[in-house]
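S.K.: 3D, please:
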Amino acid sequence: MASNPPAPEAPSVPSQRSSETEAGKIPTFGFGGHRTDEGPWEEWNPTADSTRPVRGRHRVSKQRGGGLARSSTVLGVGVIAAVGGAGMASAQTGKPPVSISIPDLPSVGSPFAGDDADDEPQGSATALSSVGVTSEETEQGTSDAGEALRARIILQAEQQKDQAEAKIQQAAEDAAAKKAAAEAAKVKREAAAKAAAEKKEAAEAAAAKLEAARLAELAKQYTLPTSSYTITSSFGQAGSLWSSGYHTGLDFAAPTGTPLKAVHTGTITEAGWSGSYGYRTILTLEDGTEIWYAHQSSINVSVGQKVNTGDVIGRVGATGNVTGAHLHLEVHTSSSDTAGIDPMAWLRSMGLNP
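M.R.: Sure, this is the predicted structure:
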């Protein structure tokens with residue numbers, strides 16, 4: 001690896017100072033030297049009394065307490081910057097300034113130990129946190145901060161009160177809406193029930209009208225078995241007078257010889273004596289229903305004879321097991337038992353009213 005060659009030495013020149021000194025033109029100064037024209041020489045040492053304090057902007061004050069001057073200065077500058085930044089933030093947010101309390105920093109001490117002169121400026125008694133802020137402004141800031149806190153508390157209380165009132169109002173509105181809905185539902189149900197009742201009533205009226213028309217038409221085809229009568233015994237009535245223990249027909253009490261008529265068009269299927277029934281005639285209708293006429297005094301038809309509604313088929317009498325002259329009428333259908341059905345209900349179903 002190559003290396004640089006050494007630089008050439010400078011030429012030696014005799015010192016002019018040395019020659020002039022030797023010639024006695026320039027006096028010699030320095031430690032250990034002495035001029036005879038200045039008088040006797042003595043050593044001088046600076047002290048606090050003989051040295052004037054440095055005045056001016058570059059003077060360093062005496063350090064008091066612990067800590068370093070440079071650290072204190074840097075920290076002071078940082079505190080001032082923080083205070084300025086807080087002020088700028090307050091100006092930007094529109095909030096009142098708040099005083100910040102920061103402990104005082106130790107001042108820079110004197111470089112001379114034991115320098116306690118009375119004329120030396122002392123460290124400022126004002127905290128760096130209050131630099132540029134008057135006492136009125138500090139009090140104003142503290143008051144504004146308290147007022148701001150009080151205002152926030154009052155605002156929160158008012159908001160909570162508004163929320164509670166809103167909840168109560170909402171609950172009342174919900175209850176009112178629920179009540180209104182219940183009342184509306186009740187009215188709707190009542191209206192529906194009324195409409196249903198009216199519809200049912202109208203249907204029943206229409207059905208009754210149709211039934212009346214049907215019965216009226218049937219009444220033209222059916223007739224009561226006799227006239228000038230009195231109902232003395234009804235179907236199902238209990239008593240010892242009947243062998244079955246109850247009455248199996250409907251009794252029409254009438255004078256002997258009162259005409260008996262065919263209730264509807266049909267055929268005579270029986271005519272003659274029938275034991276406890278006395279003289280009995282059976283009229284069979286087209287649907288198979290049998291009409292029994294018992295206790296007759298006389299029979300005017302014969303078996304197999306066709307008769308029409310209202311034709312006379314016999315006479316009221318008191319033959320058989322009786323206590324007086326009357327017509328014992330029974331109705332038997334293909335679905336009924338030997339006792340038959342209630343003649344009163346059957347006659348009414350045909351539009352007749354005994």
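
S.K.: dihedrals phi and psi, Ile341?
M.R.: Taking degrees, to the nearest 10, you get phi -120, psi 170 for the backbone angles of Ile341.

S.K.: what's the separation between it and Gln296?
M.R.: As for Ile341, its distance to Gln296 is 22 Å (criterion: CB to CB, to the nearest Å). To be clear about C-beta, it is placed using only N, CA and C from the backbone, and glycine gets the same treatment.

S.K.: over to His264?
M.R.: For His264, the distance to Gln296 - CB to CB - is 18 Å.

S.K.: looking at these two, which is more packed in?
M.R.: A count of neighbours by other CB atoms under 10 Å puts Gln296 above the other of His264 and Gln296, at 25 against 19.

S.K.: tell me where the stretch 101-250 of the chain is predicted with low confidence.
M.R.: Counting by pLDDT under 70, the stretch 101-250 of the chain has low-confidence residues at 101-140, 219, 239-245.

S.K.: would you list every one of the helices in it?
M.R.: Per DSSP state H, counting those that start in this stretch, the stretch 101-250 of the chain carries helices over the ranges 135-219.

S.K.: tell me the bridge partners for Ile231.
M.R.: Judged by DSSP bridges, the bridge partners of Ile231 are Phe252.

S.K.: can you give me the strands in the protein?
M.R.: For the chain, the strands defined by DSSP state E cover 230-233, 250-253, 259-261, 266-273, 279-285, 290-299, 306-307, 312-316, 326-332.

S.K.: could you export those as TSV, including distance to Gly141?
M.R.: Putting those into TSV (distance: least, CB to CB, whole Å) gives the following:
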stretch	distance to Gly141
strand 230-233	116
strand 250-253	117
strand 259-261	125
strand 266-273	123
strand 279-285	119
strand 290-299	121
strand 306-307	128
strand 312-316	129
strand 326-332	116
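
S.K.: and Lys200, which of those is closest to it?
M.R.: Closest approach to Lys200 among the strands of the chain is made by strand 326-332 (32.1 Å; CB to CB).

S.K.: which residues touch Pro255?
M.R.: 228, 316, 325 (CB atoms under 8 Å, 6 or more residues apart in numbering).

S.K.: so the first one touches Phe252, yeah?
M.R.: No: under the criterion of CB atoms under 8 Å, Ser228 lies out of contact with Phe252, with a separation of 9.4 Å.

S.K.: so for those two, which sits in the more crowded spot?
M.R.: Taking other CB under 10 Å, Ser228 and Phe252 do not tie; Phe252 has more neighbours (24 against 11).

S.K.: worst mean pLDDT among the strands of the chain?
M.R.: Among the strands of the chain, strand 230-233 has the lowest mean pLDDT, at a mean of 91.

S.K.: other SSEs contacting that strand?
M.R.: strand 250-253 (3 or more CB pairs under 8 Å, 6 or more residues apart in numbering; DSSP states H and E).

S.K.: go again using 10 Å as the cut-off
M.R.: Helices and strands touching strand 230-233, as assessed by 3 or more CB pairs under 10 Å, 6 or more residues apart in numbering; DSSP states H and E, comprise strand 250-253, strand 326-332.

S.K.: Glu286: which of the ones you listed is closest?
M.R.: Taking CB to CB, strand 326-332 is the member of those nearest to Glu286, at 14.8 Å.

S.K.: quick one, the closest one and strand 290-299 angle?
M.R.: With axes from the mean of the first three to the mean of the last three CA atoms, to 10 degrees defining the directions, strand 326-332 sits at 150 degrees from strand 290-299.

S.K.: with just CA atoms, put strand 326-332 into PDB.
M.R.: Only the C-alpha atoms of strand 326-332 are listed here, as PDB (Å, rounded to 0.1, in the frame of the first residue of the first chain):
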ATOM      1  CA  HIS A 326    -161.700 -37.500  22.100                       C
ATOM      2  CA  LEU A 327    -159.300 -38.100  19.200                       C
ATOM      3  CA  HIS A 328    -156.000 -39.800  20.100                       C
ATOM      4  CA  LEU A 329    -153.600 -38.800  17.300                       C
ATOM      5  CA  GLU A 330    -150.100 -40.400  16.900                       C
ATOM      6  CA  VAL A 331    -147.300 -39.800  14.300                       C
ATOM      7  CA  HIS A 332    -144.800 -42.400  13.300                       C
END
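
S.K.: what's the angle from that strand to strand 312-316?
M.R.: Strand 326-332 and strand 312-316 are oriented at 130 degrees to each other (the same axes, to 10 degrees).

S.K.: now the closest residue to Gly351 other than its chain neighbours: how far from Leu149?
M.R.: Distances taken as CB to CB, 6 or more residues apart in numbering place Leu215 nearest to Gly351, at 3.1 Å, with adjacent residues excluded. For Leu215, the distance to Leu149 equals 96 Å [CB to CB].

S.K.: so which of these two has more stuff around it?
M.R.: The neighbour comparison of Leu215 against Leu149 (other CB under 10 Å) goes to Leu215, with 17 against 10.

S.K.: so how far is Ser228 from Gln237?
M.R.: As judged by CB to CB, Gln237 and Ser228 stand 23 Å apart.

S.K.: coming back round to it: dump the helices and strands packed on strand 230-233 to CSV, plus distance to Asn308.
M.R.: Listed next are the helices and strands packed on strand 230-233 as CSV, based on distance: least, CB to CB, whole Å:
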stretch, distance to Asn308
strand 250-253, 21
strand 326-332, 19
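
S.K.: how about the ones you listed, which one is nearest Ala185?
M.R.: Of all those, strand 326-332 sits nearest to Ala185, with 52.4 Å by CB to CB.

S.K.: and stretch 225-237, what's buried?
M.R.: Residues 225-226, 229, 233, 235 are the ones in stretch 225-237 that count as buried (16 or more other CB atoms under 10 Å).
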